[in-house]
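Peer 1: what follows is a predicted structure for the sequence shown.
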Amino acid sequence: MSDDKPVVASKTPFSVMVEAGKNYFWCACGRSDNQPFCDGSHKGTGFTPVKFEAEKKEWVWFCGCKQTGNAPLCDGTHKTLGE
């Protein structure tokens, strides 16, 4: 498995109710068993998790395909992925 492209964890975003003032670490490699969040599975790859600081309690859609141009949030890129 190549370490230069992330694994597509899901072809849909992960909706998460975030809590105000809490930090979240989004999995950028796609290998985490705790999607959409980092569990350390990126160790040994060129990937690092992306910190997301919640400003208020709200629903957030974290990217599941790991191809977003707006990490860690979904930008709809998953709709362009092939089967």
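Peer 2: Nice, thanks for sending it over. Worth saying up front: this structure is predicted, and the values here are computed from it rather than measured.

Peer 1: ok, now which ones touch the residue lying closest to residue 42 once chain neighbours are set aside?
Peer 2: Counting by C-beta to C-beta, 6 or more residues apart in numbering, residue 29 is the residue found nearest to residue 42 once chain neighbours are left out, at 4.2 Å. For the C-beta atoms, the positions are set from N, CA and C on the backbone; glycine is no exception. When contacts are counted by C-beta atoms under 8 Å, 6 or more residues apart in numbering, residue 29 is found next to 6-7, 41-42, 45, 47, 66.

Peer 1: now with 6 Å?
Peer 2: Going by C-beta atoms under 6 Å, 6 or more residues apart in numbering, residue 29 touches 6, 42, 45, 47.

Peer 1: got it, and residue 56?
Peer 2: By C-beta under 6 Å, 6+ apart, the contact set of residue 56 is residue 20.

Peer 1: residue 15 now?
Peer 2: Applying C-beta under 6 Å, 6+ apart, the residues near residue 15 are 59, 61.

Peer 1: I'd assumed it was in a strand, is it?
Peer 2: Yes: according to DSSP: H, G, I helix; E, B strand; the rest coil, residue 15 belongs to a strand.

Peer 1: for it, name its beta-bridge partners.
Peer 2: residue 61 (DSSP bridges).

Peer 1: look up how far residue 60 lies from it.
Peer 2: 7 Å (C-beta to C-beta, to the nearest Å).

Peer 1: same check on residue 49?
Peer 2: From residue 49 to residue 60 the distance is 15 Å (C-beta to C-beta).

Peer 1: where do the strands of this protein begin and end?
Peer 2: 14-18, 23-26, 50-53, 58-62 (DSSP state E).

Peer 1: using JSON lines, please lay out these together with distance to residue 78 and mean pLDDT.
Peer 2: What follows is the strands of the chain, written out as JSON lines (distance: least, C-beta to C-beta, whole Å; pLDDT from 0 to 100):
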{"stretch": "strand 14-18", "distance to residue 78": "11", "mean pLDDT": "98"}
{"stretch": "strand 23-26", "distance to residue 78": "15", "mean pLDDT": "98"}
{"stretch": "strand 50-53", "distance to residue 78": "17", "mean pLDDT": "98"}
{"stretch": "strand 58-62", "distance to residue 78": "11", "mean pLDDT": "98"}
